[in-house]
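Novice: All I have is the shape, not the residue letters:
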């Protein structure tokens, strides 16, 4: 599993564009001897960053100029129709044309979804890709999907997410039969809405290692290797978690800077707090996969820093090396055949 | 605002029954000079707890025997139809009969919902009560509803939640025109599902202080005084938060107990960590209100301890003192008239 990969990188995406994406790409090359990158975007801006990082020009780096940038305000359809030379689109086309094994963007998620879906097309049986990401748990990690691509899901969609999520975890975590849980609420009276109830029945018959319902607190308890939900619920759960972590970090900082005594305590506790922070650092988990496309597309958080964006690049490279798309196609066909 | 209140307490509910509920009731009486309690449940068990806490018999305490207990496994309808002498039901009937100004239970939520709805009935225009609770934010606190009573909501339901939530916050937080946000997801392509989109339009026309969409991370950022969502999403967001806090607490403990050095750091940092823990202690926020009934019903977390259960009692007492039900009835009528 050490096939050379080439990543097409949308260098203009994200809050800080090339000043983050280019150094991250160089870090990635430093750690992945065989890998190559195609840096897509405004050539001047990219060259300036390459120059600033004083790196002897590496023949593993190709710069591909594109004149346009998808902004955060562009509607996805506008971005697709009007900006044919956007860095996002050109990066995706590199995958389509077989020039790259995967692409990564920190840009507008909606636009990325639409452009990737139209340019790369979906795998058989998939209408829209789902967004999957890995989250830390008490016992290790879990993969959750969908995180915002599909609202108003049908039960069949949730089953597709389960099949794709299980395939992703089987590949990346080397688990034979990953457990799959369905995100639900626990009250007896009102156990879930109709869609979730029907999805549970389908999942029980699916041949997947379905363990039943998982409540919100089960996500971080590591109740299942894969947690499946519709994109609305998944997005709320993820963003709520981010907000909560931010609040707790703020409170912790406030308590440690309250007075001289607490500042002294902070000094003593710093290594412990740092170790704690590293463990829950959302940046480490950066890189959400758009599952269900005929190509690998990884979405980085828009606010990603250099370290964080590099993590997204690593994720894309790993999925390419593992041949994720072929695995997904195979599993989806098998599950269609079984249905 | 110091009317004497009488709380009817379901002493048998919750994981630990009378050993938690009775001492908490005594604590509550200790802090609320004018208040009375009706302790409902198995008289022997309650008397034993009263005796154990060596309190001179107070004429503010009435014990009301009931022979049955709603278990966590009882279906709500079974609990309602078959267990007419359950402690939960008798406590609710105390409110119905005007013997108590509010009731509190830590029992089966689904059963509490159904029994309270059938015994007390709902306010005009309300089909089912919503569950509202207060959460900490970076800037103070926010009220969120629904937290699990209503899945598959219509847009009109979300508007009702908004009206009731705003009324609750206006009363308990003494805010004139509390801000109301609609929980939604932020991606441009896919901004919310149909129900949420329609609810937003209704809310814009409602005369409420509607500030628009709030994403998951906005909850803990204090983006709005009231955050409205359907019960499925709200329950997932709440439980996910609980699971995340538990995971973070576990990680923090693990890091502080890793070796002799970190244990030393823990010793030094203890007061700071304790202050931090107090601030985010979920127990302080215990007590969810069933909004929309012709009476005050507060649900305590099943795992509540003495301190935590007492917080739920305080919440019920405060809502009774503030005349919450009359306020709700008035606001709902006004909003019906405006519609």
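Specialist: Here it is on my side, so go on. Because the structure is predicted, anything quoted here is derived from the model rather than measured. Numbering: from 1, shown residues only, chains lettered A, B, ... in the order given.
Novice: What is the burial count for residue A:176?
Specialist: By other C-beta atoms under 10 Å in any protein chain shown, 6 other residues sit near residue A:176. For glycine as for every other residue, the C-beta is placed from the backbone atoms N, C-alpha and C.
Novice: ok, now the one 10 residues further on?
Specialist: Residue neighbour count, defined by other C-beta under 10 Å, stands at 18 for residue A:186.
Novice: for the stretch 1-150 of chain A, what spans make up the helices?
Specialist: Listed in chain order, the helices of the stretch 1-150 of chain A (DSSP state H, counting those that start in this stretch) span A:18-31, A:43-52, A:76-82, A:87-96, A:109-120.
Novice: do the last one and chain B meet?
Specialist: I take that to be helix A:109-120. Yes: with C-beta under 8 Å from any C-beta of the partner chain as the criterion, chain B is reached by helix A:109-120 at A:109, A:110, A:111, A:113, A:114.
Novice: Show me which of those residues is closest to chain B.
Specialist: Chain B has its nearest neighbour among the residues of helix A:109-120 next to chain B in residue A:110, at 2.9 Å by C-beta to the nearest C-beta.
Novice: Quick check: buried residues in stretch A:30-50?
Specialist: Buried residues in stretch A:30-50, counting neighbours by 16 or more other C-beta atoms under 10 Å in any protein chain shown, are found at A:32, A:35-42, A:45-46, A:49-50.
Novice: Give me the subset of the residues you listed that also touch chain B.
Specialist: Of the buried residues of stretch A:30-50, not one also sits near chain B (C-beta under 8 Å from any C-beta).
Novice: now, the most widely separated pair of the residues you listed?
Specialist: Farthest-apart pair in the buried residues of stretch A:30-50 is A:32 and A:42; separation 25.0 Å (C-beta to C-beta).
Novice: ok so, going back, now the helices of the stretch 1-150 of chain A as TSV including mean pLDDT?
Specialist: Conversion of the helices of the stretch 1-150 of chain A to TSV gives the following (pLDDT from 0 to 100):
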stretch	mean pLDDT
helix A:18-31	96
helix A:43-52	93
helix A:76-82	92
helix A:87-96	98
helix A:109-120	94
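Novice: Which of those sits closest to residue B:240?
Specialist: Among these, the nearest to residue B:240 by C-beta to C-beta is helix A:109-120 (20.5 Å).
Novice: So which residues on the stretch 1-150 of chain A come close to chain B?
Specialist: Within the stretch 1-150 of chain A, the positions lying close to chain B (C-beta under 8 Å from any C-beta) are A:72-76, A:108-111, A:113-114, A:136-138, A:148-150.
Novice: Got a quick PyMOL command for the buried subset of these?
Specialist: To isolate the buried members of those in PyMOL, using 16+ other C-beta under 10 Å:
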select buried, chain A and resi 74+76+108+109+110+111+113+114+136+137+138+148+149+150
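Novice: The stretch 201-339 of chain A: strands as residue ranges?
Specialist: Ranges of strands in the stretch 201-339 of chain A, per DSSP state E, counting those that start in this stretch, are A:209-214, A:226-228, A:288-291, A:297-299.
Novice: Same question for the longest one: list its buried residues.
Specialist: If you call a residue buried by 16+ other C-beta under 10 Å, then strand A:209-214 has these buried ones: A:209, A:210, A:211, A:213, A:214.
Novice: Okay, helices next: where are they in the stretch 151-300 of chain A?
Specialist: Counting by DSSP H, counting those that start in this stretch, the helices of the stretch 151-300 of chain A are A:155-172, A:194-204, A:216-221, A:231-256, A:260-280.
Novice: got the angle for the first one vs helix A:194-204?
Specialist: So the one you mean is helix A:155-172. Per axes from the mean of the first three to the mean of the last three C-alpha atoms, to 10 degrees, the angle that helix A:155-172 makes with helix A:194-204 is 50 degrees.
Novice: what packs against helix A:155-172?
Specialist: With contacts taken as 3 or more C-beta pairs under 8 Å, 6 or more residues apart in numbering or on different chains; DSSP states H and E, helix A:155-172 sits against strand A:130-136, strand A:141-145, strand A:179-183, helix A:194-204, strand A:226-228, strand A:288-291, helix A:306-321, helix A:324-338.
Novice: and these as a markdown table, adding mean pLDDT?
Specialist: A markdown table is the format used below for the helices and strands packed on helix A:155-172 (pLDDT from 0 to 100):
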| stretch | mean pLDDT |
| --- | --- |
| strand A:130-136 | 95 |
| strand A:141-145 | 96 |
| strand A:179-183 | 96 |
| helix A:194-204 | 91 |
| strand A:226-228 | 98 |
| strand A:288-291 | 96 |
| helix A:306-321 | 96 |
| helix A:324-338 | 86 |
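Novice: so how many other residues sit close to residue A:270?
Specialist: Here the number of neighbours of residue A:270 (other C-beta under 10 Å) works out to 13.
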